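Asker: quick one, fold the following:
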Amino acid sequence: MLASLRIRGEWCASIYNGGGRFQSASADFYDNQSIDQLRRWQQPGDITDVPQARLFGGNGTAESTRYLDEADFIRLRNLTLGYTIPSQTTEKIGFSKLRVYLTSVNLLTFTDYKFEDPEARSDVNDSRNPGSTFYSSPPAKTFTIGLNINF
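Answerer: From the prediction side, this is the model:
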């Protein structure tokens, strides 16, 4: 049995959610709203970091540190498990070597980051905005099952 794994992580990093001013925009109709809208200011005396909702008013849509989040994470990037069938068995069926394996990419991610992907960076090829994301898609989880046969 052979196993290999690759883990990636990042600590003490922040990422700016460029889409936050649309996703957390106090009832603007452009995008679905994030769950933080449930913590919005509603009446005098409320203490919150989310502005009052104003339909079509766009309250709180200016760029702000409100959209800056800690992006610490640990990700199991690659995991491969493989097994080479003993030669006594493979020679009986006419093979010199037979190996079975399973590979997974982006299997697990541990993070408190509340948006799409703590490792994401700007989807736009824009070197002026490092450390920011704008509706970045998380990486796909992929699984591969393989068989290597030598005659």
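Asker: buried residues in the lengthiest strand in the chain?
Answerer: Taking DSSP state E as the criterion, the chain has its longest strand at strand 97-111. Of the residues in strand 97-111, Leu98, Thr103, Ser104, Val105, Asn106, Thr109, Thr111 count as buried by neighbour count, 16 or more other C-beta atoms under 10 Å. Quick note: C-beta positions are derived from backbone N, CA and C, even for glycine.
Asker: read off the pLDDT value for the closest residue to the last one other than its chain neighbours.
Answerer: Closest residue to Thr111 in three dimensions, ignoring its sequence neighbours and counting by C-beta to C-beta, 6 or more residues apart in numbering: Phe73, at 3.8 Å. pLDDT for Phe73: 94.
Asker: give me the distance between Phe73 and Gln23.
Answerer: The gap separating Phe73 from Gln23 is 20 Å, by C-beta to C-beta, to the nearest Å.
Asker: next: Gly9.
Answerer: For Gly9, the distance to Gln23 - C-beta to C-beta - is 26 Å.
Asker: in which helix or strand does Phe22 reside?
Answerer: Element membership for Phe22 (DSSP states H and E) is helix 20-23.
Asker: after that helix comes which helix or strand?
Answerer: strand 68-70.
Asker: report all helices and strands that that following strand contacts.
Answerer: strand 14-17 (3 or more C-beta pairs under 8 Å, 6 or more residues apart in numbering; DSSP states H and E).
Asker: strand partners (parallel or antiparallel) of the strand it packs on?
Answerer: strand 68-70 (antiparallel), strand 132-133 (parallel) (DSSP bridges).
Asker: next one: it to chain centre, how far?
Answerer: 13 Å (C-alpha atoms, centre = their mean, to the nearest Å).
Asker: do stretch 42-49 as well
Answerer: Using C-alpha atoms, centre = their mean, the offset of stretch 42-49 from its chain centre is 32 Å.
Asker: which residues does the residue most central in space within the chain contact?
Answerer: For the chain, the residue nearest the mean C-alpha position is Asp117 (2.7 Å; C-alpha atoms, centre = their mean). Listed by C-beta atoms under 8 Å, 6 or more residues apart in numbering, the contact set of Asp117 reads Thr109, Thr133, Ser136, Ser137, Pro138, Pro139.
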